[in-house]
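Chemist: Quick one, fold the following:
(chains A, B and C)
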Amino acid sequence: MIYLRTVWLHLRKDLRLEWRSRDAIAGMLFFTLLVTVVFAMAFDPTGFPTLARQMSGGLLWVGLLFAATTALNISWERERRNQVLDAHRMSASPASALFLGKALANLIFVSVIELALAPVFAVFYNLHPLGEVRWLLLILPLGTWAIVVNGTFFAALGLNSRNRELMLPAALFPISIPALLGVVQATTGVITGDFEPQLWIRMLLGFDVIFTTACILLFPTVLHAE
Amino acid sequence: MHPILKTMQTAPVPAPAVQVRIVSKLYGSFAALKRVSCTFAAGGFHVLLGPNGAGKSTLLRVIAGLITPSSGIVHLLGGDPLQRRDRIAYMSHAPMLYDELSAMENLRYFSRLQHPGANCDCTGSPEMALRAVGLDPTLTRPVSQFSQGMRQRVSMARALVGDPELLLLDEPFSNMDAAGARELVQLLLDFRTWPLAGAGGRTVIITTHQYELVSDVADSVVEMRAGSIVIPQAAAA
Amino acid sequence: MKRLFFILCAFSVALLGFGFYEAVFVAPVEATMGPVYRIFYWHVPINISAEVFPYVNMVASIAFLYFRRTRVALAEKLDALAIATAEVTVLYVGLGLATGMLWGRPVWGIWWAWDARLTSFLMLFLLYVSYLLVRRFSAGSQSAVVAAVLSVFAGIDVPIVFMSIRWWRTQHPAPVLTGEGSLDPSMWPAFLINMAAWFVWGVVLVWGRYAVVRREQVATEQIALQALEV
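Modeler: Numbering: from 1, shown residues only, chains lettered A, B, ... in the order given. From the prediction side, this is the model:
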């Protein structure tokens, strides 16, 4: 109970910080929108609706992944500024609560982007999903969490490194490839209706559970590494 | 019980707040601390002096548990530093505050972090801490709009809000004018008179290179140079 | 120890030479692919060895994280072992990919196919290249811990990668022949000798690299100890 309350404390703090500055969400929103437009110019989705269906799942998630990395760096930059991180390292409350709070906050930020851009995306790419759309209610949060949980972790891992901006993608992208594969396949399955996404949803669920556990167990080590 | 601890208990002086035994800290091939041993008595006002790069800050951060020493032991309030986190506070020249939050929001957050089990809403103690440093708790401006001196005061309040037994300050005067520094010293003296359950009293360890600011109030002075202690004046209990 | 290292080194070179002879001159020509199939005798042993070293790396990293505060000397050795195995992993997986592409070109007609094995090995390659990169990027005293944590993540990720890529490829079956089938008894000796040769050679490389890293660590320590005396 105390642990959950601490997670909530961190989460509320991160939400409030974002609400005051709106850096992360504004940056991500604009970035993802730009990616959507540029890819639309490259592929002409209205001319080739079948191709657009097959490609759009991948495009959406690549855009979100890149956008999320910018937000992830911002979210730890707030702790680095003024050396607040030292206060966290000295605090008596569990370190993993700080991690979970921040990961949940990032989940909310990226979800906001998804909700805002889903209609734009569907319009720009002229998409009429042929599969069961309700699966997206599972796929979107699971896929977002897969990116965000590892991303929050690796952004913290790179906090003291020489080039943080390079280190996050270098560590995050290779590890996330199974999750990306799963979420892109599941989304494509829903949009094209060619195959059922359940297998990939199960895989994503497994990925999320395994890596959330690993992150929570190893985060104190990362926070207290000098 | 360990024989050393036993003799400490039977001795007439109170147990020391901090014991540092043969502590070294290496960064690659650079030795920031070289076999440093010292003791800081409980209830004292201790000053760590020395030029830049002497290892004062490193020693203070080792005591705070922010740096793990390469070798040696630190005893803090009779135990391991990591087990005493709720009883110590650390403040450096960086304010350790969130710029976007108001002073009160910052303090509420950090006081709950420091005492995660506390059931109360803890509105009383952050307000008291802010009033203690002479700030109005009803200010809703974000900390980023505060002046340098005000931020330093909020930072001080952040350190005090956990009701610490041991207060560690790393160059607290570096961004302050003379008047602000004198006020801070007065505040530290006040802090030491706050009532405290249990014996020993509240301890302050401060690093600075402006000795004249604290020369009147210091109980003991430790001077460092190039990672070693050169002057343990007025042997600390 | 040093003598043992050079004996093992000589032994593995001899094995590699013998394996080369067996594979090129003794083993029979394969029915469908012709002589080009002989690359199999290097490709498969290299890839099998390449799957062993990541796990040595992961075990060393977990042990490092466990012992880094309590037994510093042991932890340094484990960290050296982790560096050595990660580098040899990248080398072996890289060689495996290169031989795979060399084999794919004449047999499949293309340099690269997104088939399950090639893709999985590409991912394995990326994971350990990222490990080495992150090691370079992170700050001095912290890099060992950061790298060890990443190694644990990579180790967890490897089976997930292999599984997910197999699902991916079975869902979209591509017209790619799977290669092996059953091995003719006359091919076994050459295969086994090469298997042993490449594994032992990998161990020699790990050992050599480990020794170099250890010397660097000891040298740094010595300078630090001198700094303590001054």
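Chemist: Do a quick rundown of the helices in the chain.
Modeler: Just going to use chain A. All helices of chain A, identified by DSSP state H, fall at A:2-21, A:23-43, A:49-80, A:84-90, A:95-124, A:136-157, A:164-192, A:198-224.
Chemist: oops, chain B please
Modeler: B:3-10, B:56-64, B:103-114, B:124-132, B:148-161, B:178-193.
Chemist: what's the distance between C:R71 and chain A?
Modeler: Look at C:R71 and chain A: by C-beta to the nearest C-beta, to the nearest Å, they are 16 Å apart. Just so you know, the C-beta spots here come from the backbone N, C-alpha and C atoms, and that holds for glycine as well.
Chemist: Check the gap between that residue and A:P220 for me.
Modeler: In this view, C:R71 and A:P220 are 20 Å apart by C-beta to C-beta, to the nearest Å.
Chemist: one step back: among the helices of chain A, which comes closest to chain C?
Modeler: helix A:164-192 (4.2 Å; C-beta to the nearest C-beta).
Chemist: Summarise which helices and strands that closest one is packed against.
Modeler: helix A:49-80, helix A:136-157, helix A:198-224, helix C:116-137, helix C:143-171 (3 or more C-beta pairs under 8 Å, 6 or more residues apart in numbering or on different chains; DSSP states H and E).
Chemist: B:R182 against B:E212, yeah?
Modeler: No - counting by C-beta atoms under 8 Å, B:R182 sits too far from B:E212 to count as a contact (10.9 Å).
Chemist: These two: which has the busier surroundings?
Modeler: B:R182 (13 against 9; other C-beta atoms under 10 Å in any protein chain shown).
Chemist: give me the low-pLDDT residue ranges for the chain?
Modeler: Answering for chain A, as no chain was given. Across chain A, nothing is flagged by pLDDT under 70.
Chemist: Sorry, I should have been clearer: chain B.
Modeler: B:1-14, B:117-124, B:197-199, B:233-237.
Chemist: How about the residues of chain A by chain C?
Modeler: Contact residues (C-beta under 8 Å from any C-beta of the partner chain) of chain A with chain C: A:150, A:154, A:157-158, A:160-163, A:166-167, A:170-171, A:173-175, A:177-178, A:181-182, A:185, A:195, A:199-200, A:203, A:206-207, A:210-211, A:214, A:218, A:221-222, A:225-226.
Chemist: and the longest helix anywhere in chain C, is it in reach of chain B?
Modeler: Determined from DSSP H, the single longest helix within chain C is helix C:188-229. Yes - against chain B, helix C:188-229 shows contacts by C-beta under 8 Å from any C-beta at C:T220, C:I223, C:A224, C:A227, C:L228.
Chemist: Skipping adjacent residues, who's closest to the fourth one in space?
Modeler: What sits nearest to C:A227 in space, not counting adjacent residues and going by C-beta to C-beta, 6 or more residues apart in numbering or on different chains, is B:A31, at 4.0 Å.
Chemist: that older thread, may I see the residues of helix C:188-229 next to chain B organised as TSV, with neighbour count, distance to B:V23 and pLDDT added?
Modeler: Formatted as TSV, the residues of helix C:188-229 next to chain B follow (neighbours: other C-beta atoms under 10 Å in any protein chain shown; distance: C-beta to C-beta, whole Å; pLDDT from 0 to 100):
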residue	neighbour count	distance to B:V23	pLDDT
C:T220	15	20	84
C:I223	14	19	85
C:A224	17	14	81
C:A227	18	15	79
C:L228	17	11	79
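Chemist: can you list these in a markdown table and add distance to B:V217?
Modeler: Shown next, in a markdown table, are these (distance: C-beta to C-beta, whole Å):
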| residue | distance to B:V217 |
| --- | --- |
| C:T220 | 43 |
| C:I223 | 41 |
| C:A224 | 38 |
| C:A227 | 35 |
| C:L228 | 34 |
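Chemist: Closest one to C:S186 out of those residues, please.
Modeler: Sorting the residues of helix C:188-229 next to chain B by distance to C:S186 puts C:T220 at the head of the list, at 53.3 Å, by C-beta to C-beta.
Chemist: Identify the residues contacting the closest one.
Modeler: B:G28, B:S29 (C-beta atoms under 8 Å, 6 or more residues apart in numbering or on different chains).
Chemist: Relative to chain A, which of the helices of chain B is closest?
Modeler: helix B:103-114 (4.5 Å).
Chemist: how far out from the middle of the chain is that closest one?
Modeler: 18 Å (C-alpha atoms, centre = their mean, to the nearest Å).
Chemist: can it be found next to chain A?
Modeler: Yes - Helix B:103-114 is in contact with chain A by C-beta under 8 Å from any C-beta, via B:E105, B:Y109, B:F110, B:R112, B:L113, B:Q114.
Chemist: Quick check, the first one in contact with A:R16.
Modeler: Yes - assessed by C-beta under 8 Å, B:E105 is found in contact with A:R16 at 7.3 Å.
Chemist: which of the two has more neighbours?
Modeler: B:E105 (20 against 16).
Chemist: ok, now which ones touch that one?
Modeler: B:E105 neighbours (C-beta under 8 Å, 6+ apart): A:R16, B:Y98.
Chemist: mind redoing it with 10 Å?
Modeler: Taking C-beta atoms under 10 Å, 6 or more residues apart in numbering or on different chains, we find B:E105 in contact with A:K13, A:R16, A:L17, A:R20, B:L97, B:Y98, B:P126, B:T140, B:P142, B:V143.
Chemist: can you pick the most crowded of the residues you listed?
Modeler: Most surrounded of those: other C-beta under 10 Å gives B:L97, at 29 neighbours.
Chemist: Show the contacting residues for the nearest residue in space to C:A211 that is not next to it in sequence.
Modeler: The shortest distance from C:A211 to any non-neighbouring residue, by C-beta to C-beta, 6+ apart, is to C:F5 (7.3 Å). Residues near C:F5 by C-beta under 10 Å, 6+ apart: C:V204, C:W207, C:G208, C:A211.
Chemist: tell me the SS of C:F5?
Modeler: helix (DSSP: H, G, I helix; E, B strand; the rest coil).
Chemist: Tell me the spacing between it and C:M195.
Modeler: 22 Å.
Chemist: Then C:L126?
Modeler: 26 Å.
Chemist: ok, now C:C9?
Modeler: From C:C9 to C:M195 the distance is 18 Å (C-beta to C-beta).
Chemist: Same check on A:G193?
Modeler: 46 Å.
Chemist: Between the two, which is the more surrounded one?
Modeler: C:M195 (18 against 14).
Chemist: quick one, what contacts the more buried one?
Modeler: Taking C-beta under 10 Å, 6+ apart as the test, what C:M195 contacts is C:L15, C:G19, C:Y41, C:V44, C:P45, C:I46, C:I48, C:S49.
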